[in-house]
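What shape does this take:
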Amino acid sequence: MTPDVNLGDALSTVRADQPLVNCLTNAVTVNEVANVTLNWGGLPVMSDDEREVGDMVAIADGCLLNMGTISERGEETMVTAGRAANEHGVPVVVDPVGVGATPTRSRVADRLLTDIDVSVVNGNYGEITALAGDDADVRGVESVGEYADIAASATAVAEATGAVVVASGEVDIVATEERAYSVDVGDEMLATVVGTGCMLGVTLAVFAAAMDDDEAAALAGTTAFGLAGEAAADGAYGEYAGPASFETAFRDAVADFDGGDADAGDRISSVATE
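Just a heads-up that it's a prediction; the model follows:
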């Protein structure tokens, strides 16, 4: 059964609530993550000091843990933030960037997903496949190779973690323990901009912070993100000459997106996982 995803209602909820999202993200994309949070209607805070992060998360509505530039200090801070989020009922999104590329990243990802009750896991095809314990080709933080069984891998990660899992790729997959959906949105221009995976991660954190249902939030956030990318690529927010100007158009599309004319149901399909 295809879920009823009303993007207009989801966006209205986000923008009415203005959820505060504490983002522990990487040094490469911190500006992009903060701005996209604001563009959706959320409020970003980038507290990453272990001395205060627990207090900041306690007053936040959402928490993003992104492993992009992991360090020993950063690992401990993320664990502290995640535990504080669990204590105060704040939904946690984990973006296990580069998991499978090195033993350190795999160990840190396992610790986050074991020690913390996570609402949503966001990763590319290779990262989600690596989390499922299957062969994945992750070079640095990029996914390469073919992943014909990605829906099954995403479902396996959902079963292991209890989280909703978003696997981003040519067609995005959103999976729970019981079911999986393909979300056919987006444009190839999104892949030309460093950090769109991180921006998707915080998008999911914003929607999860404002909505009561993690599955609905993941579907709405994934769909809205991709449709904004399509609008930017179609030139609805000005002509672009390449990746840099496309990123500007994309952020304008996010800020203006209301979901009113988008039929999300046509883009979401149930998929078999066996």
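
rest of the way, CA atoms for contacts and neighbours
Will do.

so Thr222 touches Leu200, yeah?
Yes - using Cα atoms under 8 Å, Thr222 is in contact with Leu200, at 7.1 Å.

ok, and the helix or strand in this protein with the lowest average confidence?
Ranking every helix and strand in the chain by mean pLDDT, DSSP states H and E puts strand 142-144 at the bottom, with a mean of 43.

For the helix or strand following it, output the C-alpha coordinates as CSV.
Note on strand 142-144: by DSSP states H and E, the next helix or strand toward the C-terminus is helix 150-161. Included here for helix 150-161 are C-alpha records, laid out as CSV according to Å, rounded to 0.1, in the frame of the first residue of the first chain:
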residue,chain,number,x,y,z
ILE,A,150,19.4,-2.0,-1.7
ALA,A,151,15.8,-2.2,-0.5
ALA,A,152,16.6,-5.5,1.3
SER,A,153,19.7,-3.9,2.8
ALA,A,154,17.8,-0.9,4.0
THR,A,155,15.2,-3.1,5.6
ALA,A,156,17.9,-5.2,7.3
VAL,A,157,19.3,-2.0,8.8
ALA,A,158,15.9,-1.0,10.0
GLU,A,159,15.4,-4.4,11.6
ALA,A,160,18.7,-4.1,13.4
THR,A,161,18.3,-0.6,14.6
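
can you pull the buried residues of helix 150-161?
Buried positions in helix 150-161, judged by neighbour count with 16 or more other Cα atoms under 10 Å: 150-159, 161.

so which of those residues comes closest to Gly123?
Ala154 (9.7 Å; Cα to Cα).

that older thread, out of the buried residues of helix 150-161, which comes closest to Val45?
Set against Val45, the nearest of the buried residues of helix 150-161 by Cα to Cα is Thr161 (26.3 Å).

and that closest one, what pLDDT?
Per-residue pLDDT puts Thr161 at 97.

Need the per-residue pLDDT for the residue lying closest to Glu178 once chain neighbours are set aside.
Closest residue to Glu178 apart from its sequence neighbours, by Cα to Cα, 6 or more residues apart in numbering: Thr155 at 7.7 Å. Predicted confidence (pLDDT) for Thr155: 96.

Just list the residues touching Thr155, thanks.
Contact partners of Thr155, counting by Cα atoms under 8 Å, 6 or more residues apart in numbering, are 165, 175-180, 273.

Show me which of the residues you listed has the smallest pLDDT value.
Lowest pLDDT among these: Thr273, with 71.

That one: which element?
Thr273 belongs to no helix or strand when elements are defined using DSSP H and E.

Asp115 and Glu159, how far apart?
Separation of Asp115 from Glu159 (Cα to Cα, to the nearest Å) stands at 16 Å.

so what's Ser269 bridging to?
Ser182 (DSSP bridges).

So what's the residue count around it?
Ser269: 15 surrounding residues under other Cα atoms under 10 Å.

So it sits against Val183, correct?
Yes - contact criterion Cα under 8 Å: Ser269 and Val183 qualify, at 6.7 Å.

From the buried residues of helix 150-161, pick the one nearest Gly265.
Of all the buried residues of helix 150-161, Gly265 sits closest to Ala151, with 18.7 Å by Cα to Cα.

what's that closest one in contact with, if anything?
173, 175, 180-181, 271-273.
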